[in-house]
Structures are given as C-alpha cells and as structure tokens.
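Undergrad: can you look at this prediction? I've put the sequence above it.
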Amino acid sequence: MNKNALYFGDNLDVLRESVASASVDLIYLDPPFNSARDYNILFASPKGQSSEAQITAFEDSWHWAEQAEREFGEIVRCSNTRVSEIVQALRRFLGENDMMAYLTMMANRLLELHRVLKPAGSLYLHCDPTASHYLKIVLDGVFGKQFYLNEVIWKRTTAKSQSFRRYPNNHDTILVYSASGEHIFNRQFTPHSQERIDQHYGHIDAASGRRYSHGNLTAPGTRNGSSGEDWRGLSVRAKGNHWKYTIENLEKLDKDGRIYWPEKTGGMPRLIRFLDEQSGVQIDSVWVDLAPLNSQASEALGYPTQKPLALLERIITASSNAGDTVMDPFCGCGTAVHAAHKLGRNWIGIDITHLAVSLIEKRLKDGFPGIKFDVHGTPKDHGGAVDLALRDKYQFQWWACSLVNAQPFQGKKKGSDGGIDGLIYFQDDGTSHKKVVVSVKGGDNVSVAMVRDLAHVVAREKAQIGLFVTLAAPTRPMLTEAVKEGFYTSPVTGLAFPKIQILTVDGLLSGAERALYPDLGRGSTTFKKARVEEKAAEQKKMF
C-alpha cells in the first residue's frame, strides 16, 4: 500500500475501519459548521459564459435526527466517561438542536482521532467563535485538560464593514491539543522588524560593525549552586535573584567578550547579544501575518473555505518532522495534504464527497507531476460503480464527470439540470471558448431516445460536442444514432471529432476509451490548476 492515501467516505467509518491506533503524528481538521448556507465551489468558466456551473461542495449543516441520536448513544456508552458526562450535560443545556448535533458528531470523531494519534502527536482543530467554546470543553474531555496547548487566533480577514452593536468578526480559532506531554514542537521565528532592530539593537561593535543589544544576566528567584553565589563582588541573592548562568559560564562569557561592564562602579554587567546570532521573534499564538486567499491568488482553486498553504505549512512544520504522517479527516480541497506532501510528510486525507476527492486528486497531480498515492472508496471496477450508483445518484454523477475531467453541473436540484450533468470548456482556435456537454446515465437500461435527447441539448446549448457516459453497455442502434449526428471539425487543426460520443464507465476506467475534443488550453478553462510545486523536504522561509 502507498504511504499516502485519500479516502472517500464518512470519516468516522474510515477511521474505525482503516486507520490503526497510534499511527498518525499530526491531525489538522477544519470541519464545516452550520452557517445557514451551503457552500458552493466555483469552477473556472470562460469569460462571458453562464455562471450556472456551480455545485454544492458540501452541505454546511448539521441537524438533530436519527444519525445524531445514534451517535449520542454511542458516546453515552463509550469508555471515556468524561466525554460521556460532558456530552450529556451539553444536551441538557442546549437541547436537540443543530449545535448539539454538531457537537455530538464531532465528539464521536474526536474520540477516534485521539485513538489514532501517536503519543508524540498533536491535533489542531480549526473553527470559528460560533462553536469554539463548546468544542474546547469536548476536547478537554477527549484529551484531558492537562494536554491543552494553545488557542491560536488567526486573523483571516480585515473587517469589510462597520458594526454598530459589536466588534466586527475577523478571526478564526485553532485549538491545539497534544496526545501526551512528549509532543513534537519545532519553534518558528519571524525576522526582527527594522523598527525593533533600531530600538533594541542600537549598539554597534567597533571592531566588527555588528549590531548588538544588552540582555539581562539575572532572573527572579533564588537558586542553589553557583548561579546563586556572588560573582566578582556582586550579590544577586540579596535582591531575590539568581544568575542565568553558572559562575563557570559567566567567566567564559567574559573571556569571550560577551559581557558589557558599565562604567558606573557597582553597576550590573549585561549580556552582549549580537543581532546576527538571534533567530528572530518566536511566532506566538496570535497570527496576523498570514493573509487569507483572495480570488486572484495563484494557489486559489475557487473553493470557498480554502485555507492558504502558508497556514498549513506553519502548523505542519511546528508539530511534525519529515517522514511523519499528517491526517486531515475533513480535507475539502486538500490544502493540508498538499502542504504535507510539499514538506516531505506522509499523509491521509478523508472526505465525504466524491467531488472533493476528485478535486484533490487533480490538485495533487497538477502540483506534483508523477505523484503516487492510493485512493480508497471510489469505484475501481464495474461492480463498485454499480454500488455507488445505487447508493447515491448524485455522488455517482460527480464521480462519472471526473472520469472525463468535466465539472459537475449545478448540484442536487432535481429536474433542474436540463439534461446536463457536466460541462467541459475547451479552446481550439486561440480566441473563443467552446463547450462539451456531459450526460451521465447510471441505470441498467439506456436507449436511442437518450442519445437523441443529448443531441437536442447540444444544439440548444450551442455546444460543439456531447458526451454520453453510461454504466450500461450501449445498444447498436444507440451507436448508429450517435454517428448520425456527424462531426465537429476544429478550425485550426482541421481534425474532426464525433459530435456525440458514447463512453462506457468500464472503458473509461480501463483506459480503453476517452473523450475526444481539441483543447489548446489542456483543460485550464474547465478547472483551475494547482501550480507545480518544487520538490521540498523542508519548509521554505515564509518571510
């Protein structure tokens, strides 16, 4: 099995069935929460084309129903009695509402995430202030309050409007917990600002021209040993202090010219700290230096909740080492697994929609040409495709569209697709953008009438080509009907392409069949492409 893996499915099931205990070094999760709206993922569309090509990436909502009640029962009976008591108390307080459903299902998953963490592992839970206070209580129960490390505040945006009855909201919260007291933590620093350099490193060594500052050689509190003794007639114990170094090290520092002696008799010596020897300012728990993505950013893929790579690179660098395993159980558009691969970590990504999984596959292949990873839960053969079609018609349509590199059309809106399940935009003359319409059929029976219907849709949409993707084998009359529609001839190359193409899922999976159309842009007008990453075993400097 490949060390990197992408899973389609409910992360609770995947964790229980496929992830071993104490096998993950770092977990980052950014679970969706109820915000009274569905998030849409916007695909690239040529200028002037309709903006209809939007689809719900995930329904950002949790409701108290059968699933929540069942998972609540599991938590009540779980071995972690702290979590059981906490969740029952929250239900008495909140009642059976959307927030309680969210907390119940998150608690169940956090118990599994805690199980798969190694003793030196950490978990970063990314949320907003709507639920962060409740989640912290749940996390205290799952991990133990003694293993709470930080509440990181990330300034994700600048407030865009005034608020007259409260402060404008502009930050996210990241709660950080460790599996034990032996967790990995690599300190990170930002360079000193010029203002700080001018203020604190105003001294210049005459011999070398190096900037330096004066630092304390003492610290509060008394100590046993030589650090609490008098040195060269100077007493620190009387003032309730101690030397930061042993007497032996103080002598060595003085011999090396690293101690400044004031001209005033009896004045306390100071440590000489050269600027070029300092790491900078350690990154603290308030992050205002990582800008959110805007639509024009080179890494932006159009995913509405996409986080910047620099944010995930900071987290992964801080709490894992090269070769460690990073997991994101709500991986969305795949920023965490992208950053993990870029930094030389192994990774596991899980998402509940085929749309997200196919987007992540494309992102990784675009960003890291030649990358190898396993994909679990998506159909690998005819039987798997039939099973998916029977379980979820829309997930099957999204997956089938990915087989021909098409963007899904609209989403789960029954009767509103107008015979269109997917779209491909292509460019073959250097100026205008053209369109391929995709129709997906997952039933046992397909007919000539369906081919005619697709031909009508192609004409209505002024498209150049139509793809008929079918799970069932086409009949001979269907193939004849498709041929009767003729060809689209590229004005540049002069090559002709069948106007209606019938493609089977089996043929697409095996590679025996593929969609045929000219495209000078090589798909860039359909999907936004991730930029190709340089091979990097460690994080580059972010500042």
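TA: Okay, I see it.
Undergrad: counting by contacts, list what the lengthiest helix in the chain packs against.
TA: For the chain, the helix reaching the highest residue count under DSSP state H is reported as helix 98-116. Contact here means 3 or more C-beta pairs under 8 Å, 6 or more residues apart in numbering; DSSP states H and E; on that basis helix 98-116 packs against helix 11-18, strand 24-29, helix 66-76, helix 81-94, strand 117-127, helix 132-143. Every C-beta, even on glycine, is put in place using the N, C-alpha and C of the backbone.
Undergrad: wait, which of the ones you listed is closest to Ala530?
TA: strand 24-29 (18.5 Å; C-beta to C-beta).
Undergrad: quick one: strands adjacent to that closest one?
TA: strand 117-127 (parallel), strand 325-328 (parallel) (DSSP bridges).
Undergrad: now do it, average pLDDT.
TA: The pLDDT scores in strand 24-29 average 98.
Undergrad: for the strands paired with strand 24-29, which one sits closest to Gly383?
TA: When the strands paired with strand 24-29 are compared for distance to Gly383 using C-beta to C-beta, the nearest one is strand 325-328, at 28.8 Å.
Undergrad: how about the strands in the stretch 401-543 of the chain?
TA: 407-408, 422-426, 434-441, 465-470, 487-489, 496-498, 500-504 (DSSP state E, counting those that start in this stretch).
Undergrad: picking that back up, do you know which of the strands paired with strand 24-29 lies nearest Thr475?
TA: Taking C-beta to C-beta as the criterion, Thr475 comes closest to strand 325-328 out of those, the separation being 44.5 Å.
Undergrad: sketch out the low-pLDDT regions of the stretch 301-450 of the chain for me.
TA: Along the stretch 301-450 of the chain, the parts satisfying pLDDT under 70 run over 302-304, 411-417, 430.
Undergrad: try 80 this time
TA: By pLDDT under 80, the weakly predicted segments of the stretch 301-450 of the chain are 301-305, 410-417, 429-432.
Undergrad: would you state the helices of it in chain order?
TA: Secondary structure of the stretch 301-450 of the chain, counting by DSSP state H, counting those that start in this stretch: helices at 309-319, 335-342, 354-367, 382-391, 393-403, 448-460.
Undergrad: tell me which of the ones you listed sits most buried.
TA: Across the helices of the stretch 301-450 of the chain, the average number of neighbours (mean count of other C-beta atoms under 10 Å) peaks for helix 335-342, which reaches a mean of 26.
Undergrad: what residues does it touch?
TA: Outside of helix 335-342, the residues that reach it under the criterion C-beta atoms under 8 Å, 6 or more residues apart in numbering are 4, 6, 28, 306-309, 311-313, 316, 326, 328, 331, 346-349, 360, 363-364, 367-368, 371, 530, 533, 536.
Undergrad: so can I have a markdown table of the helices and strands packed on helix 98-116 showing mean neighbour count and distance to Val458?
TA: Rendered in a markdown table, the data for the helices and strands packed on helix 98-116 read as follows (neighbours: other C-beta atoms under 10 Å; distance: least, C-beta to C-beta, whole Å):
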| stretch | mean neighbour count | distance to Val458 |
| --- | --- | --- |
| helix 11-18 | 17 | 39 |
| strand 24-29 | 25 | 43 |
| helix 66-76 | 15 | 41 |
| helix 81-94 | 16 | 52 |
| strand 117-127 | 22 | 44 |
| helix 132-143 | 20 | 49 |
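Undergrad: I'd assumed Asn249 was in contact with Leu217.
TA: No. In this structure, Leu217 is not within contact of Asn249 by C-beta atoms under 8 Å, at 10.3 Å.
Undergrad: what residue ranges in the stretch 151-300 of the chain are flagged as low confidence?
TA: Per-residue confidence of the stretch 151-300 of the chain (counting by pLDDT under 80) places the weak regions at 157-163, 238, 264-267, 292-300.
Undergrad: could you list the domains of the protein?
TA: Residue ranges of the domains in the chain are recorded as 5-46+117-185+283-376, 190-281, 382-510, according to automatic domain parsing.
Undergrad: right, and these - which one's nearest Val76?
TA: Taking C-beta to C-beta as the criterion, domain 5-46+117-185+283-376 is the member of the domains of the chain that comes nearest to Val76, at 12.9 Å.
Undergrad: straight-line length of that closest one, end to end?
TA: Using C-alpha to C-alpha, to the nearest Å, the end-to-end distance of domain 5-46+117-185+283-376 comes out at 7 Å.
Undergrad: of all the helices and strands packed on helix 98-116, which one is nearest Ser178?
TA: For Ser178, the closest of the helices and strands packed on helix 98-116 is strand 117-127, at 4.9 Å, according to C-beta to C-beta.
Undergrad: average pLDDT across that closest one?
TA: In this model, strand 117-127 carries a mean pLDDT of 97.
Undergrad: on that earlier part again, now the strands paired with strand 24-29 in CSV, with distance to Ala207?
TA: As requested, these are arranged in CSV below (distance: least, C-beta to C-beta, whole Å):
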stretch, distance to Ala207
strand 117-127, 45
strand 325-328, 48
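Undergrad: can you pull the contacts of Thr218?
TA: Shown in contact with Thr218 (C-beta under 8 Å, 6+ apart): 236, 241-244, 268.
Undergrad: need those in TSV with secondary structure and neighbour count, can you?
TA: Shown next, in TSV, are these (DSSP: H, G, I helix; E, B strand; the rest coil; neighbours: other C-beta atoms under 10 Å):
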residue	secondary structure	neighbour count
Val236	coil	21
Asn241	strand	20
His242	strand	20
Trp243	strand	22
Lys244	coil	16
Met268	coil	15
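Undergrad: now for the residues you listed: which two are most distant?
TA: Farthest pair in the contacts of Thr218 (C-beta to C-beta) is His242 and Met268. Separation: 13.0 Å.
Undergrad: ok, Val483 - how many residues close by?
TA: Number of residues near Val483 (other C-beta atoms under 10 Å) recorded here: 13.
Undergrad: my read: it touches Pro498, true?
TA: Yes. Taking contact to mean C-beta under 8 Å, the distance of 7.3 Å between Val483 and Pro498 places them in contact.
Undergrad: still on that earlier bit, okay, Leu217 and Asn249: which has more neighbours?
TA: Under the neighbour definition other C-beta under 10 Å, Leu217 and Asn249 were set side by side, and Leu217 has more, 20 against 13.
Undergrad: so what's that one closest to, chain neighbours aside?
TA: What sits nearest to Leu217 in space, not counting adjacent residues and going by C-beta to C-beta, 6 or more residues apart in numbering, is Leu271, at 5.2 Å.
Undergrad: can you give me every residue that contacts the nearest residue to Cys401 once chain neighbours are set aside?
TA: Leaving out its chain neighbours, the residue that sits closest to Cys401 by C-beta to C-beta, 6+ apart is Gly422, at 3.8 Å. The neighbourhood of Gly422, defined by C-beta under 8 Å, 6+ apart, consists of 397, 400-401, 404, 406-409, 437-438, 440, 467.
Undergrad: show me what Gly422 bridges to in the sheet.
TA: Under the criterion used here (DSSP bridges), Gly422 is bridged to Pro408, Val438.
Undergrad: 147 is where my numbering starts, stick with that
TA: In the new count, where the first residue is 147, that last one comes out as Gly568.
Undergrad: what distance do you get for it to Arg419?
TA: Summarising the geometry, the distance separating Gly568 from Arg419, computed by C-beta to C-beta, to the nearest Å, is 62 Å.
Undergrad: quick revisit: distance to Ile429 for the helices of the stretch 447-596 of the chain - can I get that in JSON lines?
TA: As requested, the helices of the stretch 447-596 of the chain are exported to JSON lines (distance: least, C-beta to C-beta, whole Å):
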{"stretch": "helix 455-465", "distance to Ile429": "7"}
{"stretch": "helix 481-488", "distance to Ile429": "16"}
{"stretch": "helix 500-513", "distance to Ile429": "25"}
{"stretch": "helix 528-537", "distance to Ile429": "44"}
{"stretch": "helix 539-549", "distance to Ile429": "38"}
{"stretch": "helix 594-606", "distance to Ile429": "54"}
